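Trainee: Need coordinates for the following:
(2 chains)
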Amino acid sequence: DVKVTQSSRYLVKRTGEKVFLECVQDMDHENMFWYRQDPGLGLRLIYFSYDVKMKEKGDIPEGYSVSREKKERFSLILESASTNQTSMYLCASSLSGVQYNEQFFGPGTRLTVL
Amino acid sequence: SQQGEEDPQALSIQEGENATMNCSYKTSINNLQWYRQNSGRGLVHLILIRSNEREKHSGRLRVTLDTSKKSSSLLITASRAADTASYFCASDNTDKLIFGTGTRLQVFP
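Mentor: Below you'll find the predicted structure:
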């Protein structure tokens, strides 16, 4: 089975801190995604990556950056955390080049910024 | 925003009843997918229906797709308490998925 893991289930940070959220997948998927999930807003795409060292902005990239140095790892970085970045963060991965791109999700990281 | 919408936002039923959730999306699609999310967890893929299909079944799940109306529905038959979760549709836009806002389903024993 595909496994997507995220470095933390719960994280509490202070305003202004630099925050790293790590995601690792073990099925050699080309595509990786970062979403945030907020009540009433569903999942919103922050950034995604089609390959190592490649990144594309999603719908809400402001305040975030990403890094993909290895195929299996996709990191989300909050350069200076703010309270409005308190949210559930979900990482996902999928194969590329196929018509049916089912995404596999990690368990999520609930980030609280104080 | 290209985000889809789901209806209803919340649904409460008794075990054994059927649950129907509806989804509308905005762009043309290759396929439409449904995902389930247990409280505080990641999403799990349930079923995918291609744009040239009108109906698909998987166990107690039945999905329909109407591309002319840009809408889909998910029917869960003979619901169980364990079906309690949030359900999201996701429309395929190249390699990205555009998720709906979700339906919270509560099934009472």
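
Trainee: Count residues in the vicinity of residue B:98, would you?
Mentor: Using other C-beta atoms under 10 Å in any protein chain shown, the number of residues around residue B:98 comes to 23. To be clear about C-beta, it is placed using only N, CA and C from the backbone, and glycine gets the same treatment.

Trainee: just residue A:79 next, same as before
Mentor: For residue A:79, using other C-beta under 10 Å, the count is 11.

Trainee: before we move on, what about residue B:80?
Mentor: By other C-beta under 10 Å, neighbour count at residue B:80 equals 12.

Trainee: for stretch B:77-95, which positions count as buried?
Mentor: The neighbour-count check on stretch B:77-95 (16 or more other C-beta atoms under 10 Å in any protein chain shown) flags B:79, B:83-93, B:95 as buried.

Trainee: now swap in stretch A:37-47 and tell me
Mentor: Buried residues in stretch A:37-47, defined by neighbour count with 16+ other C-beta under 10 Å: A:37, A:42, A:43, A:44, A:45, A:46, A:47.

Trainee: Name the surrounding residues that touch that stretch.
Mentor: Residues outside stretch A:37-47 that contact it (C-beta atoms under 8 Å, 6 or more residues apart in numbering or on different chains) are A:33-36, A:55-61, A:64-66, A:76, A:87-90, A:108, B:3, B:9, B:43, B:88, B:96, B:99-102.

Trainee: how about 6 Å then?
Mentor: Residues from elsewhere that reach stretch A:37-47, judged by C-beta atoms under 6 Å, 6 or more residues apart in numbering or on different chains: A:34-36, A:55, A:58-61, A:64, A:66, A:87-88, A:90, B:99-102.
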